[in-house]
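Okay, predicted coordinates and the sequence, questions at the end:
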Amino acid sequence: MRSFVLRRILQSVIIVVAIAVTVFIVLRLSAGDPARIRAPVFARPDVIEQYRRDFGIDRPLFEQLLTFLGSAVRGDFGQSFRFQAPVTDLIMVALPKTLLLAGVSLLLSLSIAVVLGSLAALKPRSGWAWMSSALAAFGQSAPVFWSGAVLVLVFAVGLRWLPSGGFSGFASLILPAIAVTLSILPTQLRVLRTSMEAVLQQEYIKTAKAFGLNQNRIIFVYALKNACLPLLTVIGVDVGYLLGGVIVAEVVFAFPGIGELALVALNARDYPLIQGITIVTAATFVIVNLLIDLLYVKVDPRIRLERT
Amino acid sequence: MARQNVLSVENVSVSFPGNSGDLIVVDDVSFTLAAGESLVIAGESGSGKSMICQSLLGILPPQAKVSGTRIDWLGRDLLQAGDKDWRTIRGAEIAMIFQDPTAALNPLITVEHQIGDAIRDHRKCSRAEARARTIEVLGMAGFPEPEHRMKSYPSELSGGLRQRVAIALALSCGPKLIIADEATTNLDVSIQAQIVTLLKKLQQDLGLALIFVTHDLGLAAQVGDNLLVMYAGHAVEQGGVRQVLDDPCHPYTRGLLRSAPTLQSSRANPLRPIPGQAPKPGSIGKGSPFRSRCPVVVDGVCEVMRAPWTNVAPGHDVACHRFARDGREGVQ
């Protein structure tokens, strides 16, 4: 167990470093000069050159990479070009809000998937099944930027029930969380419904029934536990999709999280900030997947870590 | 000594709706079972023997239709049983041991909890009492070190041990009838013998009625008091186990015995399989179900009507036109 965890952590570190190097190189290959963007429009070449020196982008690429990796290891992603503040501080302010939004959305999506998916599997001809299919089809075809805009129009502009954007407490979470949930729910809902349908056909459910077990226990313990295994896998894959959805939603709702920060950073070619955000996001993805792997072992006794 | 009948199945049929009319998988089967008695239901796969068993617990697939005169279980008619009746019957009065213990046990729940849950859903008792009972029934089923090993998951046990868990589960709520549906088919021969011996011993010690479903007539001789031979959803011969095996009167029973390997089988004395294949449900029509493979068909009779039961000896009956007309010599 311990050696498995250590190995997985090591793998995770390698992945994050590889991503850091890749994003470093891709940024330098992309068009746009941060010094020119930062400097006044008709600045003299020597002023622009001064910005280059301040940013450290006049140094040879390899040296820049080493400096970047060296300080990143110590949790220092450098100074933001755009905000003239440490990248770490900027991220530390934005990240909790993003994680909150992502967490609430994931929780909401999982709850709906489990409840609605189970009901749809149990009663394939009921209104629940119809609702589950409709919601899945709708969520699948409505991109976050569209559903987000519609939600704003209806609930913020039209009905004036909820704030249209910004962050001023719990109410600001509701609309973006719904928009993100709509985008990640379809897969989870379909997977849970299908796996629940399959589990209900299993011999062990028949056995439980043949022994007169309590109906609720059969469905919510004996069946659901098995049906949730594929869902767990989907969550791991979906975290990337979730983070992407959250970033779009943040932009739509002007929600002051990592996503909005990333957009500003990209427009300013703010290399250190983009690198910092990418690394933190990648690390989140990798950590969540590691946790899911460990959770898998906890839930499914058939999985043996030693052999993996 | 006439013992009280606990179970009496009268003219029961099971069918499934099909594209061209209902597919009858069990056709007009009757038998009785006395307290403490064991009945072997023998037949090849698809003969409807599992279907009969599942109808006794109300666990047939939802689209299945069960009809008949009556299934009398301790004075109640199971054909009329509702959800509430089934809850008190399943597990607590009639328990089932399934063919494949690997599939029948939930992979994500420990042995302790699978048995404990069954106990606690039937008796109002504390966790500690359920635990004590779990250890007791595991011990009865010959599960080694139950206090310790009941914390295992099914995947951590061998096939033989899993089947012992399934037996313990069947015993857990003190049923009066245990149905073993091909309970030894998936096991190694040596384990098979152990499990059969265990079942036989438990049946005698606890005074249980036992229905043992198998396609292996050799096992039938070890387990059963009575034998019911089924073919394509029909009962074709029934009687005491020794009566039927020593004096098989239905051409199908005879064929089945000849096609089973024994130590006497050799190149000079080869197995003689029954030619052809069992008819599909729905293709039998009005005649004898075995007519398409029968070596002694009575022309003009077997095609048009079912054979009536003919008494061979006290307690031994056969449903065969040839036997009814020509007696034993006719089916030789």
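That came through, no problem.

got the residues of chain B near chain A?
B:57, B:59, B:86-92, B:95-96, B:98, B:100, B:103-109, B:117-118, B:121-122, B:153, B:155-156, B:166, B:169, B:172-173 (C-beta under 8 Å from any C-beta of the partner chain). Quick note: C-beta positions are derived from backbone N, CA and C, even for glycine.

how many neighbours does residue B:127 have?
Neighbouring residues of residue B:127 were enumerated by other C-beta atoms under 10 Å in any protein chain shown; the total is 10.

wouldn't it be in contact with residue B:119 here?
No: because the distance of 9.8 Å does not satisfy C-beta atoms under 8 Å, residue B:127 is recorded as not touching residue B:119.

before we move on, the earlier item: now which of the residues of chain B next to chain A would you call buried?
With neighbours counted using 16 or more other C-beta atoms under 10 Å in any protein chain shown, the residues of chain B next to chain A contain these buried positions: B:57, B:59, B:86-87, B:89-92, B:95-96, B:98, B:100, B:103-109, B:117-118, B:121-122, B:153, B:166, B:169, B:172-173.

From those, which land in helices?
When helices are assigned by DSSP state H, the members of these inside them are B:86-87, B:89, B:103-104, B:117-118, B:121-122, B:166, B:169.

Let's have the residues you listed in a markdown table, adding pLDDT.
Shown next, in a markdown table, are those (pLDDT from 0 to 100):
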| residue | pLDDT |
| --- | --- |
| B:86 | 90 |
| B:87 | 87 |
| B:89 | 91 |
| B:103 | 90 |
| B:104 | 91 |
| B:117 | 91 |
| B:118 | 91 |
| B:121 | 88 |
| B:122 | 88 |
| B:166 | 92 |
| B:169 | 92 |
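
Tell me the one of those residues nearest chain A?
Sorting those by how near they are to chain A, with C-beta to the nearest C-beta, puts residue B:103 at the top with 3.7 Å.

and that closest one, what does it touch?
Residues counted as contacts of residue B:103 (C-beta atoms under 8 Å, 6 or more residues apart in numbering or on different chains) are A:202-204.

near chain B, from those residues?
Cross-checking the contacts of residue B:103 against chain B (C-beta under 8 Å from any C-beta) gives A:202-204 as the overlapping residues.

Confirm residue B:230 sits in a strand?
Yes: counting by DSSP: H, G, I helix; E, B strand; the rest coil, residue B:230 is found in a strand.

Buried residues in stretch A:42-51, which are they?
Of the residues in stretch A:42-51, those with enough neighbours to count as buried (16+ other C-beta under 10 Å) are residue A:51.

average pLDDT across that stretch?
For stretch A:42-51, mean pLDDT is 80.

returning to that earlier point: may I ask which of the ones next to chain B among the contacts of residue B:103 has the most neighbours?
Highest count within the ones next to chain B among the contacts of residue B:103 by other C-beta under 10 Å belongs to residue A:204, 23 neighbours.

name the element it belongs to?
In the assignment (DSSP states H and E), residue A:204 maps to helix A:203-210.

ok, the residue most central in space within chain B - contacts?
For chain B, the residue sitting closest to the mean C-alpha position, by C-alpha atoms, centre = their mean, is residue B:213 at 2.7 Å. When contacts are counted by C-beta under 8 Å, 6+ apart, residue B:213 is found next to B:40-42, B:49-50, B:53, B:179-183.

I'd assumed it was in a strand, is it?
Yes: membership of residue B:213 in a strand is supported by three-state DSSP.

what about it, distance to residue B:176?
For residue B:213, the distance to residue B:176 equals 18 Å [C-beta to C-beta, to the nearest Å].

Also residue B:208?
For residue B:208, the distance to residue B:176 under the criterion C-beta to C-beta works out to 7 Å.

contacting residues around the helix holding residue A:204?
Among residues not part of helix A:203-210, those counted as contacts by C-beta under 8 Å, 6+ apart are A:199, A:217-218, A:222-223, B:57, B:59, B:90-91, B:95-96, B:98, B:100, B:103-107, B:166, B:169.

try 6 Å this time
Counting by C-beta atoms under 6 Å, 6 or more residues apart in numbering or on different chains, the neighbours of helix A:203-210 from elsewhere in the structure are A:218, A:222-223, B:57, B:59, B:90, B:96, B:103-106.

with these in mind, which one is nearest to residue B:328?
When these are compared for distance to residue B:328 (C-beta to C-beta), residue B:96 comes out closest, at 37.2 Å.

doesn't residue B:179 make contact with the closest one?
Yes: under the contact definition of C-beta atoms under 6 Å, residue B:96 touches residue B:179, with a separation of 4.6 Å.

Just the buried residues of the lowest-mean-pLDDT helix or strand in chain A, please?
Taking mean pLDDT, DSSP states H and E as the measure, helix A:34-38 is the helix or strand of chain A with the lowest mean score, a mean of 76. Along helix A:34-38, these residues count as buried under the neighbour rule (16+ other C-beta under 10 Å): A:34-35, A:38.
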